[in-house]
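Participant: Sequence first, predicted model second:
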Amino acid sequence: SAVISQKPSRDICQRGTSLTIQCQVDSQVTMMFWYRQQPGQSLTLIATANQGSEATYESGFVIDKFPISRPNLTFSTLTVSNMSPEDSSIYLCSVSRAKEETQYFGPGTRLLVL
Amino acid sequence: EDQVTQSPEALRLQEGESSSLNCSYTVSGLRGLFWYRQDPGKGPEFLFTLYSAGEEKEKERLKATLTKKESFLHITAPKPEDSATYLCAVQGTGGGSNYKLTFGKGTLLTVNP
């Protein structure tokens, strides 16, 4: 399986600010995804990060709030914009080598918004 | 819309006391059912993928089985280090985001020595 790192591992932010989370993989992968894990809730897909094109967002998530970049096959960023306390969550990236293969998850970024 | 329900929400076992976790699902065409383990403060760790009813997979004290409506994760003679949250997810072939995983809320397993 791929080695996946995320930065930062945790952060405390003030409401109204933005935070960019990085996801780095040690080898090229086809698919990269961003999930959110809120307390007591299921892991929920935010969007699929597409290399060289706009991300594909799930219902309830919009580009203005969660802009995503994927400049190459090993790196992606998720920005949480204009944060409110409701954005306090764990944000996870996952990757798979091919579309139909298993997704492996990074260690997560723990975000607290005050 | 794909749905996954896991039960129980929490399970406390004594070391050596075998049990099973349940994952019930509805999906418009199953591409795969996945089990992950998540330790506190960490990302989910992949355990198994099951593709079709009747399939079984084993790893150490864990065995996953699949029917057309549910999956079971059997834990035989658990040890304290098996304590974690176990997550079940499905990947369907239906519309919407390709290759999206739909997760249940997980079962928090505690194994006491």
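Facilitator: Noted; the coordinates are in hand.
Participant: any low-confidence regions in chain B?
Facilitator: Within chain B, the segments meeting pLDDT under 70 span B:94-98.
Participant: change it to 90
Facilitator: B:1, B:28-29, B:92-100 (pLDDT under 90).
Participant: Near chain B, which residues of chain A are found?
Facilitator: Counting by C-beta under 8 Å from any C-beta of the partner chain, chain A comes close to chain B at A:1, A:4, A:31, A:33, A:35, A:40-45, A:48, A:56, A:58-59, A:92, A:94, A:96, A:99-100, A:102-108, A:110. In this view, the C-beta of every residue, glycine as well, is placed from N, C-alpha and C.
Participant: Derive a ChimeraX selection command for the buried subset of those.
Facilitator: Buried members of the residues of chain A next to chain B, defined by 16 or more other C-beta atoms under 10 Å in any protein chain shown, are picked up in ChimeraX with:
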select /A:4,31,33,35,42,43,44,45,48,56,58,92,94,96,102,103,104,105,106,107,108,110
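Participant: if I look at the residue positioned nearest the centre of chain A, how far off is B:Leu62?
Facilitator: Centroid check for chain A by C-alpha atoms, centre = their mean gives A:Trp34 as the closest residue, at 3.4 Å. Note on A:Trp34: its distance to B:Leu62, by C-beta to C-beta, to the nearest Å, is 28 Å.
Participant: Over to A:Ile12?
Facilitator: Distance of A:Ile12 to B:Leu62, given as C-beta to C-beta: 36 Å.
Participant: Over to B:Ser20?
Facilitator: In terms of C-beta to C-beta, B:Ser20 sits 11 Å off from B:Leu62.
Participant: Neighbour count: these two, which is higher?
Facilitator: Remark: of B:Ser20 and B:Leu62, B:Leu62 carries more neighbours, 19 against 12, as counted by other C-beta atoms under 10 Å in any protein chain shown.
Participant: got the contact list for the more buried one?
Facilitator: Counting by C-beta atoms under 8 Å, 6 or more residues apart in numbering or on different chains, B:Leu62 touches B:Leu47, B:Phe48, B:Leu73, B:His74, B:Ile75, B:Thr76.
Participant: same thing with A:Thr102?
Facilitator: With contacts defined as C-beta under 8 Å, 6+ apart, A:Thr102 is in contact with A:Ser1, A:Ser96, B:Gly32, B:Phe34, B:Phe46, B:Thr49.
Participant: Restricted to strands, list those residues.
Facilitator: Judged by DSSP state E, the contacts of A:Thr102 include A:Ser96, B:Gly32, B:Phe34, B:Phe46, B:Thr49 as members of strands.
Participant: ranges for the strands of chain B?
Facilitator: Listed in chain order, the strands of chain B (DSSP E) span B:3-7, B:10-14, B:19-26, B:30-38, B:45-50, B:56-59, B:62-66, B:70-75, B:84-92, B:102-103, B:107-112.
Participant: possible to save those strands as JSON lines with distance to A:Leu73?
Facilitator: Formatted as JSON lines, the strands of chain B follow (distance: least, C-beta to C-beta, whole Å):
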{"stretch": "strand B:3-7", "distance to A:Leu73": "30"}
{"stretch": "strand B:10-14", "distance to A:Leu73": "40"}
{"stretch": "strand B:19-26", "distance to A:Leu73": "31"}
{"stretch": "strand B:30-38", "distance to A:Leu73": "23"}
{"stretch": "strand B:45-50", "distance to A:Leu73": "20"}
{"stretch": "strand B:56-59", "distance to A:Leu73": "29"}
{"stretch": "strand B:62-66", "distance to A:Leu73": "31"}
{"stretch": "strand B:70-75", "distance to A:Leu73": "32"}
{"stretch": "strand B:84-92", "distance to A:Leu73": "21"}
{"stretch": "strand B:102-103", "distance to A:Leu73": "25"}
{"stretch": "strand B:107-112", "distance to A:Leu73": "35"}
